[in-house]
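Asker: give me the fold of what follows.
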Amino acid sequence: MRGLLAPDYSGLGSVPAFDIHFDDAPNFYVNNNPARNDPTVRTLERNVGALTSLDPYVRDSNGNVQTVNLTAALADTVEEQNLHMINADPARTPTFTMFGNPDFFFQLSNCSGQTECANPGFAWNHGDIQPEIVTTFLGMVGPGVPNLGVDSSTWADHTDIRPTIMALVGLHDDYSPDGRVLLEDVAGGALPFSLRQYHGTLIQLGAVYKQLDASTGQFAMDTLHISTTALESNASGDSTYTQLENDLISFGSQRDGLASQINAILVNAEFHGQSIDQQQALNLISQGQALLAQVHAQAQSV
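Answerer: Model (predicted):
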């Protein structure tokens with residue numbers, strides 16, 4: 001990584017001191033934990049966003065290796081908050097995160113003295129955002145699970161697995177899960193009355209909740225696109241960066257409020273036998289869809 005960045009700092013001094021964790025989507029930790037809008041951080045983000053390399057997997061019609069962009073997306077602490085990447089220890093919060101080209105693995109040390117090289121013995125990247133990395137399957141079988149074959153329409157992620165299992169076995173955690181029960185793939189007879197009463201509304205509410213709150217849902221992917229535009233921008237006075245970051249903060253605040261309300265309704269219905277207020281649920285569905293549409297329109301405009 002430092003070798004790739006070095007040419008961008010020609011005449012500007014040395015590459016700033018930073019560390020990363022070696023991965024396809026490395027977190028960057030700039031020494032002394034500077035603010036997100038520090039000029040050193042902003043220059044580094046722009047330079048990382050502009051990185052390119054030859055990719056042996058991408059060739060033209062004559063078989064010539066092509067140059068590709070190495071950075072798919074960028075998130076600083078504002079977008080990391082939207083992606084649920086901020087934790088209780090500030091020292092562990094990345095200065096920014098580079099979601100890389102999935103054909104590459106990034107590290108600090110050169111491989112055999114080269115800046116770039118191929119490693120045929122390494123065949124797995126993780127932690128990134130591309131479908132080939134984040135899309136997998138969940139197999140469900142057992143009492144209360146109907147034999148529906150392949151369900152290719154329900155959007156779910158890892159956080160939904162535990163609450164679904166807990167609902168099927170009649171247990172609950174002593175904390176509120178981040179996921180939801182996958183009602184689409186559980187037999188009605190295995191569900192309490194609170195989940196059968198307004199079954200269709202609960203499915204709609206859960207679907208909106210996932211697109212708002214999941215780390216690779218629509219809200220996350222759209223805000224990540226806005227974040228990338230912000231971090232790669234180079235407008236005078238960083239005006240584009242400031243405006244888009246403020247938009248992301250506002251979107252995140254609205255999302256957190258809606259997601260918190262929806263999660264409370266789902267958890268109470270799933271594990272505490274409380275029937276939902278259908279009108280309240282429909283209002284939250286409408287609000288969630290409106291926010292998703294607003295953020296999507298912003299992402300398409302930048």
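Asker: per-residue pLDDT, residue 90?
Answerer: What the model reports as pLDDT for residue 90 is 87.
Asker: ditto for the one 3 residues further on
Answerer: pLDDT for residue 93: 94.
Asker: ok, now which ones touch the closest residue to it other than its chain neighbours?
Answerer: The shortest distance from residue 93 to any non-neighbouring residue, by Cβ to Cβ, 6 or more residues apart in numbering, is to residue 86 (5.6 Å). Heads up, the C-betas are built off the backbone N, CA and C, glycines and all. Residues near residue 86 by Cβ atoms under 8 Å, 6 or more residues apart in numbering: 77, 80, 93.
Asker: any idea how far residue 26 is from residue 220?
Answerer: Residue 26 sits 19 Å away from residue 220, going by Cβ to Cβ, to the nearest Å.
Asker: same check on residue 175?
Answerer: 22 Å.
Asker: pick out whichever of those two has more residues nearby.
Answerer: residue 220 (22 against 7; other Cβ atoms under 10 Å).
Asker: okay, buried residues for the lengthiest strand in the chain please.
Answerer: Longest strand of the chain, by residue count under DSSP state E: strand 52-59. Buried residues in strand 52-59, counted by 16 or more other Cβ atoms under 10 Å: 53, 55.
Asker: list the helices and strands it packs on?
Answerer: Packed against strand 52-59 by the contact rule (3 or more Cβ pairs under 8 Å, 6 or more residues apart in numbering; DSSP states H and E) you find strand 65-69.
Asker: sheet-wise, list the partners of the helix or strand just after the strand it packs on with their directions.
Answerer: Moving toward the C-terminus from strand 65-69, the next helix or strand (DSSP states H and E) is strand 71-76. Using DSSP bridges, strand 71-76 pairs in its sheet with strand 96-100 (antiparallel).
Asker: how about the strand it pairs with as CSV, C-alpha atoms only?
Answerer: Coordinates of each C-alpha in strand 96-100 appear next as CSV, following Å, rounded to 0.1, in the frame of the first residue of the first chain:
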residue,chain,number,x,y,z
PHE,A,96,-11.3,5.7,7.3
THR,A,97,-12.0,2.5,5.5
MET,A,98,-11.2,1.6,1.9
PHE,A,99,-13.5,-1.0,0.3
GLY,A,100,-11.2,-2.4,-2.4
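Asker: let me see the backbone angles for residue 174.
Answerer: phi -90, psi 20 (degrees, to the nearest 10).
Asker: how many other residues sit next to it?
Answerer: 4.
Asker: got it, and residue 215?
Answerer: 18.
Asker: hang on, residue 40 packs against residue 16?
Answerer: Yes - using Cβ atoms under 8 Å, residue 40 makes contact with residue 16 at a distance of 5.1 Å.
Asker: overlap in contacts, these two.
Answerer: Joint contacts of residue 40 and residue 16 (Cβ under 8 Å, 6+ apart) are residue 30.
Asker: how many neighbours does residue 118 have?
Answerer: 10.
Asker: isn't it right up against residue 54?
Answerer: No - applying Cβ under 8 Å, one finds residue 118 not in contact with residue 54, separated by 10.1 Å.
Asker: and residue 230, how far from residue 150?
Answerer: 39 Å.
Asker: I should have written residue 218 there, sorry.
Answerer: Taking Cβ to Cβ, one finds residue 218 at 22 Å from residue 150.
Asker: the two: who's more crowded?
Answerer: residue 218 (18 against 6).
Asker: so who does that one touch?
Answerer: 211-212, 292, 295-296.
Asker: what comes up buried for stretch 197-214?
Answerer: For stretch 197-214, by 16+ other Cβ under 10 Å, it's 198, 202-214.
Asker: count the neighbours of residue 230 for me.
Answerer: By the measure other Cβ under 10 Å, the count of residues near residue 230 is 26.
Asker: in this structure it contacts residue 245, no?
Answerer: Yes - the pair residue 230 / residue 245 is scored as a contact, 5.5 Å apart, by Cβ under 8 Å.
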